[in-house]
Every structure is written in C-alpha cells, then in structure tokens.
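Chemist: sequence isn't available, so here's the structure alone:
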C-alpha cells in the first residue's frame, strides 16, 4: 500500500526500489496488479467529507470545453457538483454548502446556484481580474505608442514599471513625451488602486473601496476615445456580490487565508502541459513492429492515468 501510494504521487520506481530493497523489475511486477485495481476504483474519496472549498475553471481538452475534470468521466458541471454534494452529505449527514471560487463565467455561477441554491457562497477569483487590469494597461500603452520597432520594448518596460509599482507603491514611467508619461502614470495609479478592493482594511470598508475605484475609473481621461479599464469596471459591476464575498469571514480557509483559484489554475496548467506532450508523443514515428507500437500506447495510457489520478487525489 505504501509503495503504491508513493508511486501514484510521483516517486519513480528506482527511488522506491532503493527504499524497499526490491529490484525494479520485481517491484513493478508487484505493483502493477495493485495499480490496476486502484485505477479501476477511481479517485480516492476518503477525505472528501471534510471538503469546504472548491475551485472551478474551464479547460479546452482535446477539442472539448471541460468545466471540471474528475476521474476519467466527462459530465456537466451541474452533474459533477450534484454527485459531489450527495457524497459529502452522505458522509456527514448534514447539508453541505461549500465556498466556490470561480472566474467570471456566468455558466459556473448558474451551475453552482442550481445545485446549492441562490445563496451559495461564490468568490470571484481576484487573479483573473488583476490579469485583466494588466491587459488593459497594455491596451492603453498600445494606443499611445506608435507601431514601430521600439514598441515591444516599451510595452515590456511598462509591465516592469507596473510590477515595481505594485511592490513599492512608487509610480515612475519614463517617456520621451511628457503627455504620454502623464497618461501612463495615471493609468498605473488606477491599476494600483484596483488592488485596494482586496486589501481593504478593515474588510467592512471593501464596498466603499469598490465604489471609489469605479468612480476613479470613470474619471480617468479617455485615450483615443477608449476609456481605460472600462472592460474591468463593467465586469466587476456585474459580479459585485462575488467580488465582495472575498471579505466575508465565513469564506476564509482553515489556514486563515482568503480563497483564490491559484491551485485550480496550477492543476489546469499541468493538464495543458500534459496534453501538449501527449499530442507530441502521438506524432512520433516508432520504428518497431505493430506489437511494439501497441506496447508504447499501453505504456503511455498508464502514464496518462497515473497523471490524472495524481492530480485528482494529491491536489484535491
């Protein structure tokens, strides 16, 4: 059991062979039946009764848009959440109301409300919004910088200036033209002020901070007829409740931190990387006979199952 657990969580066979004192071939012969049995059973759900927080995200996987990836079955988000709800409530004997972190995709909100009711605790993932602030800042710069060979370097420099301002609070944006510099510095200040929504102290001031930022954005001078950060302002107004839920005391994680989709994004990144490598492996031209090709596919299939198993168990 210990060897199977450690193997499925990523430890290579040579390391396990040294640890157990069993040769690699003999170890694999012992492990293989146990791995097959576990894979047929699906993800380990022994600890799901204590599940309090969920992260939802979408993933383009082999031409299909997936909302949640669980074992190897494809189903709707509503179906997945309904099954998970039934399992946890069967384990605990009480109604289950998790905290769910989502990006600003209306389908996720509707699915969560369908399963858990209209008062489900939904938290808008702040990193998605912060990324959009950075994207909009780049759009402002593109409108100001002429499309010449220096433009890409100036855009990179602006990103560095913004990241430095996030750390130090000092806004400096050198430019050859005073008017351009003033416009960019103003845009950076509006972008920095957006972070105050999540850093509001005390948290009771978050709603006022929210409306203060909306007012600041509306007062920002237009650039070539485009209102900077207008897209983000429209989005946060539509998702105001989910944005401000971030500060509710009943959504805090057991370790005292506030919920984000950082781990969900990390898992999605691993899946995307795995899929890219799997596509590359399928394009390889194997020089062996058909039996060898079939064996390669079996080996790759086992690796695929192991990867998905490890994500579903170790990351849950």
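Modeler: Thanks, I have the structure now. Treat the numbers as computed from the prediction; the structure is a model and nothing was measured.
Chemist: my guess is residue 268 contacts residue 57, does it?
Modeler: Yes - with contact defined as CB atoms under 8 Å, residue 268 counts as touching residue 57 (5.5 Å). C-beta here means a position set from N, CA and C on the backbone, and glycine is covered the same way.
Chemist: the stretch 201-316 of the chain: helices as residue ranges?
Modeler: 206-219, 230-238, 240-244, 262-283, 290-314 (DSSP state H, counting those that start in this stretch).
Chemist: flag every buried residue along the third one.
Modeler: This points to helix 240-244. Neighbour counts over helix 240-244 (16 or more other CB atoms under 10 Å) mark 242, 243, 244 as buried.
Chemist: who does the closest residue to residue 243 other than its chain neighbours bridge with?
Modeler: Leaving aside its sequence neighbours, residue 243 sits nearest to residue 124 (CB to CB, 6 or more residues apart in numbering; 4.7 Å). Beta-bridge partners for residue 124, by DSSP bridges, are residue 102.
Chemist: please tell me how far residue 124 sits from residue 173.
Modeler: 29 Å (CB to CB, to the nearest Å).
Chemist: which of the two has more neighbours?
Modeler: Using other CB atoms under 10 Å, the more surrounded residue of residue 124 and residue 173 is residue 124, with 25 against 19.
Chemist: is it correct that the more buried one is in contact with residue 239?
Modeler: Yes - between residue 124 and residue 239 there is a contact under CB under 8 Å: 5.0 Å.
Chemist: any common contacting residues for those two?
Modeler: The contact sets of residue 124 and residue 239 overlap at residue 104 (CB atoms under 8 Å, 6 or more residues apart in numbering).
Chemist: re earlier: worst average pLDDT in the helices of the stretch 201-316 of the chain?
Modeler: Mean pLDDT values for these show the minimum at helix 290-314, a mean of 58.
Chemist: show me what contacts residue 112?
Modeler: Residue 112 touches 56, 81, 100, 102, 120, 122, counting by CB under 8 Å, 6+ apart.
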